[in-house]
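Novice: Sequence first, then the predicted structure:
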2 protein chains.
Amino acid sequence: MQDLDVNQITDAAIAQMANTPDPRMREIMDAAIRHLHDFAREVKLKPEEWLQGIAFMTAVGQMCTPYRQEFILLSDVLGLSRLVNVMHDASGREPEGTEASLLGPFFREAAPVVPLGGTIAHHAKGPEVMMFGQVVDAAGKPVPHAWIDAWQTDAEGLYDLQANNPEVMDMRGRVQCDEQGRYHVRTLKPLGYSIPMDGPVGTMVKLQNRHGMRPAHIHILVSAPGYRELVTALYLGDDPNIDSDTVFGVSSSLVVTPATGMADSPAPAMPSIRYDFALSRDDEGGGGRVGSDPSKLVPAG
Amino acid sequence: MQDLDVNQITDAAIAQMANTPDPRMREIMDAAIRHLHDFAREVKLKPEEWLQGIAFMTAVGQMCTPYRQEFILLSDVLGLSRLVNVMHDASGREPEGTEASLLGPFFREAAPVVPLGGTIAHHAKGPEVMMFGQVVDAAGKPVPHAWIDAWQTDAEGLYDLQANNPEVMDMRGRVQCDEQGRYHVRTLKPLGYSIPMDGPVGTMVKLQNRHGMRPAHIHILVSAPGYRELVTALYLGDDPNIDSDTVFGVSSSLVVTPATGMADSPAPAMPSIRYDFALSRDDEGGGGRVGSDPSKLVPAG
């Protein structure tokens, strides 16, 4: 293994990993090497460009904290998160099940429990919206006592994790449905917002002349025993960026428009969103989600 | 741009970058998106695997310090550094010019200047080796007053950056050739060594059942006005890993064996290495190197 040329290096790198005991790890790394090398050969990557790439990846890693996950943000703006999400959805969602969307980098476990009819806005102020509906299975049968996590930006377009004191949770909560799977919860009308632009991913997005905006949305995670965890989001149809989400999250089945005077709203005078979430059966015994609590992804110390 | 499927997402991501003003950045990112998405589609990357990847990349970034560059190490063990290096070499080295090799993550700028005949071993102890020869151009004509940077491990197989006090430089130095391009400098016989195994890259290498060893070598950087910077290394032919370098650095033209009794050695009784470095003309006005001082790659603070 000497004098490896531009093509032999790929086979040599794969050969050095051929004794990986875990077959899936071997398969993934084999493909990673081939595509990474193909990329470098295709663009004839130069040393100074390679070094810029190293510096960029280093800066992305160093920007991560328990409150910020810059690598998830990078995956999002490159369309990788959407791709993994869509593949996951295609591999286990029942045809009538609600479509998935990106979890994003702002999910937190152990959000405060909110009673039915309560609000997830504890500190933030702004115009209220009622969100209500039912959790059902793919055949339309109610799923009793499902849990719904909802989280979103405040009226300034910021998540609690981006606020001065990120330890204080706000604009997020967990609601448990009743025995008919029904839920209703109050929140604020979410605002469209820019992804964080003060880090290396923001710098890249600016160099690409992208607007960096996401349309207004409410993140949703629905879970119930025996069902596949549903990670999705509801997008507000009147947002100017509904067709140009910088992280490619929008599916038309997830677009909603708050309206007043809805007969079945628990508060018809309040702008209301009705959305029924249809869960797919869990055939895999657990299934993953594209995203995670950022505090779990940064090594301590 | 809604409802993007597993193939449309790639075109959409590329379209969002289509207004990048810098054409080379646009070209590189276009290819990066395609190969990244092809990779994810080929292996049908699952959310939990994607998340492991995010956590891995985050850990690699967080392991970087001004004294340690874990992303360069990752690039090295994946064969990417060798590939970029070989492409760079192929694009500007004259046929008779010395081959390049990896700079690696242990180069430091401003190493101490050592007089001709001096040693780069200021603190470390071990069997001495004399290294001597001439810096010439690709036609064999001497290059006067060229500078040679040499750096290597000590007799324990560690670089100064890995020692208890990484601020103290040792086993590295800069020598200026005489007007005939001749140099001679003393060092210690380098030892083969394991790449750092206490970080995420080491964990990966262990999970791949790789030995993680590099054969003994002396890093060399030669520079002279008007010539392309030569980043290379001399590898010791008697090292058991000479044919299985875990970062794929060895070229046969760079393999040397110290010998005593060499008639032209400045110290024939000492094991000596004679190597003449042949510089290529600099047609690009600069040209990069695969690697850099790690302190330059970690954002301050």
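Specialist: Happy to help now that I have it.

Novice: The top helix by length along chain A to helix B:23-43, inter-axis angle?
Specialist: Assignment by DSSP state H gives helix A:23-43 as the longest helix of chain A. Here helix A:23-43 runs at an angle of 150 degrees relative to helix B:23-43 (axes from the mean of the first three to the mean of the last three Cα atoms, to 10 degrees).

Novice: quick one: average pLDDT of helix A:23-43?
Specialist: Mean pLDDT, helix A:23-43: 98.

Novice: do the same with stretch A:173-189
Specialist: 97.

Novice: Any idea which residue of the stretch 101-250 of chain A lies closest to chain B?
Specialist: A:Asn209 (4.2 Å; Cβ to the nearest Cβ). (C-beta placed from N, C-alpha, C; glycine too.)

Novice: what's the closest non-adjacent residue to that residue?
Specialist: B:Asn19 (4.2 Å; Cβ to Cβ, 6 or more residues apart in numbering or on different chains).

Novice: Let me know whether that neighbour touches A:Gln208 as I believe.
Specialist: Yes. In this structure B:Asn19 lies within contact range of A:Gln208 using Cβ atoms under 8 Å: 7.1 Å.

Novice: Who has more neighbours out of the two?
Specialist: Per other Cβ atoms under 10 Å in any protein chain shown, whichever of B:Asn19 and A:Gln208 has more neighbours is A:Gln208, with 20 against 10.

Novice: so what pLDDT did that one get?
Specialist: At A:Gln208, pLDDT is 98.

Novice: which residues touch the residue nearest to A:Thr246 when sequence neighbours are not counted?
Specialist: With Cβ to Cβ, 6+ apart as the criterion, A:Thr246 has its nearest non-adjacent residue at 5.3 Å, and that residue is A:Gly212. For A:Gly212, the contact set (Cβ atoms under 8 Å, 6 or more residues apart in numbering or on different chains) comprises A:194-195, A:197, A:202, A:205-206, A:246.

Novice: Pull the number of nearby residues for A:Leu45.
Specialist: Count around A:Leu45 with other Cβ under 10 Å applied: 22.

Novice: got the CA positions of the longest helix of chain A in CSV?
Specialist: Output of helix A:23-43 as CSV, limited to C-alpha atoms (Å, rounded to 0.1, in the frame of the first residue of the first chain):
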residue,chain,number,x,y,z
PRO,A,23,-21.9,-4.8,9.0
ARG,A,24,-24.1,-1.7,8.9
MET,A,25,-21.3,0.5,10.0
ARG,A,26,-19.1,-1.1,7.3
GLU,A,27,-21.8,-0.5,4.7
ILE,A,28,-22.3,3.1,5.7
MET,A,29,-18.6,3.9,5.8
ASP,A,30,-17.9,2.2,2.5
ALA,A,31,-20.5,4.4,0.8
ALA,A,32,-19.3,7.5,2.7
ILE,A,33,-15.7,7.0,1.5
ARG,A,34,-16.8,6.5,-2.1
HIS,A,35,-19.1,9.5,-2.3
LEU,A,36,-16.6,11.7,-0.4
HIS,A,37,-13.8,10.8,-2.8
ASP,A,38,-16.0,11.1,-5.8
PHE,A,39,-16.9,14.6,-4.7
ALA,A,40,-13.3,15.6,-4.2
ARG,A,41,-12.3,14.1,-7.6
GLU,A,42,-15.2,15.7,-9.4
VAL,A,43,-14.4,19.3,-8.2
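
Novice: quick one: it near chain B?
Specialist: Yes. Counting by Cβ under 8 Å from any Cβ of the partner chain, chain B has neighbours in helix A:23-43: A:24-29, A:31-33, A:35-43.

Novice: buried stuff in that helix?
Specialist: Across helix A:23-43, burial judged by 16 or more other Cβ atoms under 10 Å in any protein chain shown covers A:25-26, A:28-41, A:43.

Novice: Residue of chain A closest to chain B, please.
Specialist: Closest point on chain A to chain B, by Cβ to the nearest Cβ, is A:Gly61, at 1.0 Å.

Novice: so what's that residue up against?
Specialist: So A:Gly61 contacts A:70-71, B:57-62, B:64, B:71 (Cβ under 8 Å, 6+ apart).

Novice: which one is it nearest to, not counting chain neighbours?
Specialist: B:Gly61 (1.0 Å).

Novice: Give me the distance between that neighbour and A:Val201.
Specialist: Using Cβ to Cβ, to the nearest Å, one obtains 12 Å as the distance from B:Gly61 to A:Val201.

Novice: Identify the contacts common to those two.
Specialist: In contact with both B:Gly61 and A:Val201: A:Val60, using Cβ under 8 Å, 6+ apart.

Novice: So which residues of the stretch 1-150 of chain A form helices?
Specialist: A:8-16, A:23-43, A:47-63, A:70-77, A:80-90 (DSSP state H, counting those that start in this stretch).

Novice: Let's have those helices in a markdown table, adding distance to B:Asp264.
Specialist: Output for the helices of the stretch 1-150 of chain A, formatted as a markdown table (distance: least, Cβ to Cβ, whole Å):
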| stretch | distance to B:Asp264 |
| --- | --- |
| helix A:8-16 | 36 |
| helix A:23-43 | 41 |
| helix A:47-63 | 34 |
| helix A:70-77 | 55 |
| helix A:80-90 | 58 |
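
Novice: Out of the contacts of A:Gly212, who's the most crowded?
Specialist: In the contacts of A:Gly212, the most neighbours by other Cβ under 10 Å go to A:Val205, 23 neighbours.

Novice: now the helix or strand it falls within: how far from the chain's centre is it?
Specialist: Secondary structure from DSSP states H and E places A:Val205 in helix A:200-207. Its chain's C-alpha centre and that of helix A:200-207 lie 19 Å apart, by Cα atoms, centre = their mean, to the nearest Å.

Novice: Check which element follows that helix along the chain.
Specialist: strand A:213-214.

Novice: Show me just the buried residues among the contacts of A:Gly61.
Specialist: Buried among those (16+ other Cβ under 10 Å): A:70-71, B:57-62, B:64, B:71.

Novice: nearest to B:His123, of those residues?
Specialist: Nearest to B:His123 among those, counting by Cβ to Cβ, is B:Cys64 at 25.9 Å.

Novice: Could you verify my assumption that the closest one touches A:Val60?
Specialist: No. At 10.8 Å, B:Cys64 and A:Val60 do not qualify as touching, with contact defined as Cβ under 8 Å.

Novice: what ranges do the strands span in chain A?
Specialist: A:128-137, A:147-151, A:172-176, A:182-188, A:193-194, A:213-214, A:217-223, A:230-236, A:255-256, A:272-274, A:277-279 (DSSP state E).

Novice: Is the fifth one in proximity to chain B?
Specialist: When you say that, I think you mean strand A:193-194. No. Strand A:193-194 does not reach chain B (Cβ under 8 Å from any Cβ); its nearest approach is 14.5 Å.

Novice: Name every strand pairing with that strand and say which way it goes.
Specialist: strand A:213-214 (antiparallel) (DSSP bridges).

Novice: Centroid-nearest residue for chain A?
Specialist: Centroid-nearest residue in chain A: A:Leu103, 1.9 Å away (criterion: Cα atoms, centre = their mean).
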